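K.L.:
Dropping the sequence and predicted coords here.
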Amino acid sequence: MPAPSGFEHRVRGDEVVILHHGIRATTLRGAKAADFLARLETEDPQLLMARLTGDYRRGNERAARRHPCNQG
């Protein structure tokens with residue numbers, strides 16, 4: 001699986017807005033925003049933002065579950 005890409009973040013006061021390809025994916029506030037900014041120092045920013053926005057999974061899990069080969 002390719003590494004996540006296309007994420008960026010912007011800090012607005014006590015909020016952190018995470019964008020994916022220029023579109024707002026989520027907004028973090030308070031303790032979650034502070035934790036995110038601290039984790040940026042030690043973790044891969046793209047992977048961290050993908051996990052926080054729910055884009056860590058690619059969205060094909062539901063389709064795979066319904067595929068005829070996976071029916072019991």
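P.N.:
Arrived safely, thanks for sending.

K.L.:
Nearest the geometric middle of the chain, what residue?
P.N.:
Centroid-nearest residue in the chain: A50, 2.3 Å away (criterion: C-alpha atoms, centre = their mean).

K.L.:
close enough to count as contact, that residue and I18?
P.N.:
No - here A50 does not reach I18: they are 9.4 Å apart, not a contact under C-beta atoms under 8 Å. The C-beta positions use only the backbone N, C-alpha and C, and glycine is treated the same way.

K.L.:
since we're on C69, how many residues are nearby?
P.N.:
5 (other C-beta atoms under 10 Å).

K.L.:
and L28, that's in a helix?
P.N.:
No - under the criterion used here (DSSP: H, G, I helix; E, B strand; the rest coil), L28 is strand, not part of a helix.

K.L.:
And the pLDDT at the residue nearest to the centre of the chain?
P.N.:
A50 carries a pLDDT value of 88.

K.L.:
which stretch of helix or strand covers it?
P.N.:
For A50, the element it lies in under DSSP states H and E is helix 45-53.

K.L.:
got the buried residues for that helix?
P.N.:
Under the neighbour-count criterion of 16 or more other C-beta atoms under 10 Å, helix 45-53 has L48, M49, A50, L52, T53 buried.

K.L.:
now, among those residues, which is nearest to R29?
P.N.:
Nearest to R29 among the buried residues of helix 45-53, counting by C-beta to C-beta, is L52 at 12.6 Å.

K.L.:
doesn't T26 make contact with the closest one?
P.N.:
Yes - under the criterion of C-beta under 8 Å, L52 makes contact with T26 at 6.4 Å.
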